[in-house]
Structures are given as C-alpha cells and as structure tokens.
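Novice: What follows is a predicted structure for the sequence shown.
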Amino acid sequence: MAAATVEAAGHHDTLDPKTRLRANRLGLWIFIASESFLFAAVIAARFYLLGVDRPEHLNQELALLITAVLLLSSVSAFRAEDAMAHNDRPAFFRNMSATLFFGLVFMVGVFFEYREGMEFFPPQTLYGSVFFITIGLHAFHVLTGMIALALVINLAAKGHYGRDDYWGVEATVKYWHFVDVAWVFIYPALYLVSW
Amino acid sequence: MKRVARGLGLGIAGWLIGLNLAAVIRGTQHVNDQANIGIAYVFALSGWLLGVGVWDAWVRGWLGLKPKAEEPDEGWRRYFSFCTDHKVIGIQYLVTFVIVFLIAGLLAMFMRWELMSAGETIMNKATFNEIMSLHGILMISVAVAGVLGGFGNYLVPLQIGADDMAFPRLNALSYWLIPPVAIMLLLAPLAGGFDSGWTAYPPLSETNDVGQVFFILAIITFGLSSILGGLNLLTTVTTMRAKGMKWSRLPIFTWSVFSASILSVLITQFFAASLLMVFLGRAIGMGFFDAAKGGDPILYQHLFWFYSHPAVYIMILPGFGILLEVLSHFSRKPLFAYKLTVGAFLAIVVLSVVVWAHHMFTSGMSNTLHGPFMILTEAISVPTGIIFLSALGTIWRGKLWLKTPMLFALAMVFNFLIGGITGIFLADVATDMNLQDTYFVVAHFHYTIMGGEIFAFFAGIYYWYPKVTGRMYNEAMGKIHAIWMFIGFNAVFIPLFYVGVQGMNRRVADYPLAYERGNLVASISAFVLGCSFLLFTWNMIWSRFKGEKAPSNPWNATTLEWMTESPPPEHNFEGTPVVHDSPYVYGLEDGLHAELGEQEPELVGAGRPE
Ligand SMILES: [Cu+2]
C-alpha cells in the first residue's frame, strides 16, 4: 500500500527529480483508482443484496460524529502539507499530529460502531455481512494511513523533507484524503439511504 | 539465495506464530479453523516479504534507519534475490511461469488419461475435480502473468528506450509475491484440495474442504501482485518514454501491455473482493452468498465475472501485441492500420467491462439482462475484428520470413479465428442455452487462450530468446515444435467441439459411452501435444549453453530492444535513444525508427544525492 507511495531515499534512482515526482504522483493516483474499485465492489454488494433497506438500530449520532471527525482530519492534513510546502515546520507538526489524533478518535468511534453492530446485526446476518466487510476494509485503510502519518512525523522530526522535497508528506496526505473520500461514499450507503 | 532462505524461514515462523496467536486470541485450537488459517497466512506472507527484501528495500527507509550497504548479488544469484533490474525480474517471471505451465500441463495429461474411456480409469471423481481445478487456476495464472509479467517487464522499458521501470523496488515486490501463491496452490491438496474449478462458485466454494481457503488466500495475493505490476507498467509507459517516442510511435506490444494494465489495476479488485466475501462466509459465517441468510450466490457470479471477463483481455491483449509485432517484423511490412488497432485495444478495454453477464445466461439472473449483454458482447467482436484485420493486412503481400516465431504467429491467427467464431455461439443467448457448461465452452476457451495467447507466448519466447539469453535457439527444433504443437493442439480441441455440441458436460470425470470416440481421439492427441513441450524444454536449455552467440539484431528488426547488445547491458543502452519515426518502417526509403545518441555525461539524470 504505502509501497506505491514511498519510492524514496537511499535508492539509486536514474530518473531526474521532476520525472520522479511525476511518476510518483501518477503511480499514487493509479493506486487510488484501483482501491476505489475495491470499495465499489463492497458497496455494489450492499445495494445488490439489500437495495436500500437498512436496519432500525443504527447509531446515527455516532456515525455523524465520526464522519465529522474524519472530515476535519482532512482539513488538518491539507494544512500540514501546505505548511511543509512553505517550510513552516511547527505548523506541519501541529497539523500532522492533529490529523493523527482525529484518526485515532475515528477508530475509537469505529470500535463502538463494531460493538453496537455485534449486538443488533451480527456478521452472520445479511446487513451485518455488508456492514462489517465495508467498515472493516475502511478501518484497515484508516489504520494504514495512521501508520503512514506516524512514520512521516517521525521522519520529519529526524530532519527529512523540506520545501522542495516532501513527496512522502504529499503521498501520505493524498492517501489520507482518499480514505476520507471513500468514507463519504460509505457513510450514506450504510447509514442514510432508505425509502 | 540467502534472502530466499531467510524469507522462507521467516515465512514458516510467521505461519506458526500467526496460527498460535490466532488460536489463543480466538480461543479455538482446531488446526482447520479457517479464520486462524487466514490470520496465520497474513503473518507468513509478511514474514516472507520482510525476509526476502522488503525490510531492506523499504522499512529501513520508513523508520529513518541507514540504508544497508550490501554488495549486490552477481551472476545467477541475482535471479534468486530481490533484484530491481527489470530484465532480471522479467526472466524470473518467464522461468517461473514456464515451469507452472509445464506442471499444469502435466495435470492436463492426467485429466485426459482419466477421460480416455468412460468409467473410472485412473482416479476417482473427487481427485479428478481437484486436478481439474488446480489445472485451471494454474493455467489462468500463467495466462494472466506469463506474458504481462514476463515480457511486459523485460521488454517495455527496452521498447520505449528507458533504463528501467518507474518503480524498480515495487517491481521486485510484484514478483516476490508470486512464490507464496504457487506454494499455497500446490500445498492445497494436503489440506483437502479444492474442487470448485478456477471459478470457485459458492455455495460449493463455501462448503468444500479447507484447501479452498488456500486457493482464496493465494489468489488474493496474486491479485495484489497483478495490481502492483500493472501500476508500474502504466507509470513507466506514461512517464519514461525516450525523446521523440510519442504515443503514436509506441511499438504495438507496448500498447497492448498498456491497455491490459489499465484493466488489471482496476478490475482485479473485484476478484479479490468476491473471494474475500467467500472467505468471510466460510470463516465467520457472513451471509453474502448464503441463501439461508438472505444472501444470493448469483452476486458472486456478478462480482467474479466483472473481473474474469475483462481478465481474458488482460490475457489476450498482450498476446495480440506479440502477434502483431512478430507479423510486422517477419513480413517485412509496416503494421497495417496501426492507429485503428490501438483504438481497438482501447475500445476493448472499455467494452470488456460491460459484457460480463454473458457467462450467466443460465444462472437464473433476470431475463431482461439477457438481450443487452448479448448485444454488448457481440459488439466487442468489432474491435477484435479490427485487430484481426490488422494481422491479415500486415501479412498481405508481405515477404514472409518463416522462422519459428512467425510459424507460431501464423498458427495463432488460425486458432484465434476458430476461437473467435465459436465465441459467437456462446454470446448468443439461444445457442448458449444449449452449449452452456459443455465441452464446447472448454474447446472455445482453449482456442482463444491457449491457441491464441499461449501460441503468442511461444512466438515471443522464440522471438526474444536471442535478446534475453544472448544465444540463438535451435531453429530446426523450434520449427518442429511449432508444427508439432499446432497439429497436436487442433487434434485435441476439434474433437472436443464435437462432443460438446453433442452435449457432453465439462468438469466431469465420467461420461456416457456415446462420447467415447471423440474423447479417445482428444486424449491421444493430448499426449502427442504434451510431448512437444519436452522438445521445447530441451531446446531452451540446450541452446542456453550450446547455442550460437546471438548478434544484437538477428531479425533485422526495427524496434529499440534490437538496438542494444544481446543481452542488454545493465543500463540497457550505450547512449541515449532518440526516436524519429513509427516503429515499423519496413520498405520505406530512409525509414528510421530510432537511433542511439551520444552517451549523456555522468551526472545528468543520475538522481539527486541524498
Ligand atoms: Cu466472457
């Protein structure tokens, strides 16, 4: 996953920096397009199996809350990337840590989602199957995103990255936006649609 | 070698740790607990990858550790290491998948042996089903990754005048994901095997032996490898073309790889998702495909064929690429209708994702879908026909040079014609109702993929053998192989059309006496066909050591891979390739596709110092 995103230091590279950046960006976008199809598959399964039915017991408040938190995290992620582009390292660390923190809050929310789900629509039921595979795949992506954020913060603290060389930051932030956008499709598909 | 051993050690350790950890956490001890096996596999795969090179290639960098200064492996050891040279990786793919092809071919021999006469011949029905399934999925993997992974990796950078792929380490990772796939598939028989064919339809695939879980884990891994490989090829072609290599000057093989890669990065996810659903159904009782829980097995077929129909184009498009490449170079004529053919490739990419349900006319899906899917499927024969016409137009009034690659290419033209025409009867709802699930389907599919792509694969192996090994293969043996394989292949599958039309079911170990004659002919022909690969294998090995030294351009071909030594040096070209014209400039005055310019000074393009 992050494999595609961090084609970085210490490796003999025959490409000039401009082409390298172009290649990295394209590779990341292709990867994101590919991952979109994974989410498309599980969301398609949801509508194929259940149409627009959804169970009575859905914790709407919780879902709305974690959606807001995740959206907020994209704002801080954007600000972090922007800060690095202007060599403003304190702002970078502030916003990057905030993003990681929001990610953590989201995951705690998912844990409560999981507990409620197990009670009202366990994975052995039809809605439960759709719900848990979607939430699970998405949470896995959030988790990998959080790991990438932590690694990037650590590398930046060791003095890596700068105004002209922050591909690691850019890739992680773009990936984070993708995970966020995926949720923007998942949330209504699981919580909102109905007659 | 050291790294492979380390990978195997960590892989086995990961398996044991994962299995025990899962047992403790989940409180189940049974060795056949499928969720535990899944968890163990994730640990094993991680251990294998870290051991084999991911730790040094990436993780050190991520953690901010100093890169390890390890002297690179030399000579043959490079082929057993996490080598990032695209030429080494291409050879790794080629050798691996030729071996897998031979293993899967051997399994086919056992199937034909069993089917030689009615009744039980050499194995019971359960064993037959497992062998049939294993043959199927191994051959599918050869068809998906043999040409695309092997020749795609080796040749695309050469053909576009680049010195490597865009992401060399990722490229190595794509290859090193393959051994776990092979190991899991070949170990599956020890866990009861899998008997649901390569298609793995539930409910059977949700209720059969644990071997099916091995299949699922292997194929999801294989999918990851395909996606990463496709991503790399797309990026390479887009960003690393030599000066003057416009899109309209790309060699047709590179175009075909590019088109197939678009499909592979996008749709492979659907196969992974559908298998994940089967796995979760088996492991924790999720109900996607379980009618008792309100699920629907037909959903699996939709998800599966949304991948697996376009997947046949992931297989055949690079086959077409090799075909057209060989036809042009060996007819000494420019490729006929180059631009239209490229358009046809891209049209196939688009159309192939909207035809999947032609596999499901008898599955019980909504009848209103029959008409649209029939028409869309038949529409795809238009771009396919254009490619076919390009092949014919290229040969037309050419000066044919009947070397081994050309024999294979001409054989493919013939085979694919039959494969294509018989496909129409399967796309047509009325005839498909009768032909569905008979040997007619088996014969049709083998005519397109084996008669088509695999013949192209062999054309490519002989065509590029001098380039890759630096030695000429033995031409006489090559020609005998081509003719032998062509006759053997047709003698196997024409009788199978015949018994198929009569109604013989596929995927069965036994059949009524009425089909015996056709089956006997097919089986004897199959053994004849099988023996042709012994000659091939001997030719490859013998020529590698005893063959004549190959010049840089034994075919007087025009494309860039022939403008460098055989085999190419580490950085591919002694000088900077500059492209002036189309790759197929035969018979044109002053036609010049490309030339090698001055070697650029050391520093330029050498990357920044870290
Ligand atoms: Cu199809």
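Specialist: Structure received. Numbering: from 1, shown residues only, chains lettered A, B, ... in the order given.

Novice: what's the single longest helix in the chain?
Specialist: Picking chain A for this. helix A:17-50 (DSSP state H).

Novice: you looked at the wrong chain, it should be chain B
Specialist: The helix of greatest length in chain B, counted in residues with DSSP H as the criterion, is given as helix B:297-331.

Novice: packing partners for that helix?
Specialist: Using 3 or more CB pairs under 8 Å, 6 or more residues apart in numbering or on different chains; DSSP states H and E as the contact definition, the elements that helix B:297-331 packs against are helix A:17-50, helix B:125-145, helix B:252-284, helix B:338-351, helix B:381-395, helix B:404-427, helix B:455-469. In this view, the C-beta of every residue, glycine as well, is placed from N, C-alpha and C.

Novice: Which one, of these, ends up nearest to B:Gln502?
Specialist: Closest approach to B:Gln502 among the helices and strands packed on helix B:297-331 is made by helix B:404-427 (14.3 Å; CB to CB).

Novice: Does B:Phe573 belong to a helix, a strand or coil?
Specialist: Classification of B:Phe573 into helix, strand or coil gives coil, according to DSSP: H, G, I helix; E, B strand; the rest coil.

Novice: which residues does it contact?
Specialist: B:161, B:163, B:560, B:563-564, B:596 (CB atoms under 8 Å, 6 or more residues apart in numbering or on different chains).

Novice: Tell me which residue is most central in chain B.
Specialist: Relative to the mean C-alpha position of chain B, the nearest C-alpha, by CA atoms, centre = their mean, is the one of B:Val144, at 2.1 Å.

Novice: That one touches B:Ile314, doesn't it?
Specialist: Yes: B:Val144 is in contact with B:Ile314 according to CB atoms under 8 Å; the separation is 5.8 Å.

Novice: Give me the common contacts of the two.
Specialist: Counting by CB under 8 Å, 6+ apart, the shared contacts of B:Val144 and B:Ile314 are B:226, B:264.

Novice: CSV for the helices and strands packed on helix B:297-331, including distance to A:Ala156?
Specialist: Formatted as CSV, the entries for these read as follows, by distance: least, CB to CB, whole Å:
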stretch, distance to A:Ala156
helix A:17-50, 18
helix B:125-145, 38
helix B:252-284, 30
helix B:338-351, 40
helix B:381-395, 49
helix B:404-427, 53
helix B:455-469, 44
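
Novice: Show me what the mean pLDDT comes to for the longest helix of chain B.
Specialist: For helix B:297-331, the per-residue pLDDT values average out at 96.

Novice: what distance separates it from the middle of the whole chain?
Specialist: 9 Å (CA atoms, centre = their mean, to the nearest Å).

Novice: Could you do stretch A:14-30 as well?
Specialist: Taking the mean C-alpha point of stretch A:14-30 and that of its whole chain, the gap between them comes to 22 Å (CA atoms, centre = their mean).

Novice: what's the answer for stretch B:408-416, then?
Specialist: For stretch B:408-416, the separation from the chain centroid amounts to 18 Å (computed by CA atoms, centre = their mean).

Novice: what's next to that stretch, contact-wise?
Specialist: Residues external to stretch B:408-416 that are found in contact with it (CB under 8 Å, 6+ apart): B:319, B:322-323, B:326-327, B:330, B:388, B:391-392, B:395, B:447-448, B:450-452, B:455-456, B:458-459, B:462, B:482, B:485-486, B:489-490.

Novice: buried residues in that stretch?
Specialist: By neighbour count, and taking 16 or more other CB atoms under 10 Å in any protein chain shown as the criterion, the buried residues in stretch B:408-416 are B:408-413, B:415-416.

Novice: Let me know the closest of the residues you listed to B:Lys293.
Specialist: Taking CB to CB as the measure, B:Phe416 is the one of these closest to B:Lys293, at 43.7 Å.

Novice: Report the separation between B:Pro568 and B:Asp163.
Specialist: With distances taken as CB to CB, to the nearest Å, B:Pro568 is found 10 Å from B:Asp163.

Novice: How about B:Tyr439?
Specialist: For B:Tyr439, the distance to B:Asp163 under the criterion CB to CB works out to 49 Å.

Novice: the more surrounded of the two?
Specialist: Neighbour count, other CB atoms under 10 Å in any protein chain shown: between B:Tyr439 and B:Asp163, B:Tyr439 has more, with 29 against 22.

Novice: in terms of contact, does B:Pro157 touch B:Ala242 like I think?
Specialist: No: between B:Pro157 and B:Ala242 no contact is recorded; they are 10.1 Å apart, counting by CB under 8 Å.

Novice: Could you check which of these two is surrounded by more residues?
Specialist: A count of neighbours by other CB under 10 Å puts B:Pro157 above the other of B:Pro157 and B:Ala242, at 29 against 20.

Novice: for that one, what are its contacts?
Specialist: Neighbouring residues of B:Pro157 by CB under 8 Å, 6+ apart: B:86, B:163-165, B:236, B:240, B:572.

Novice: In helices only, show me these.
Specialist: Checked against DSSP H, these include these in helices: B:86, B:236.
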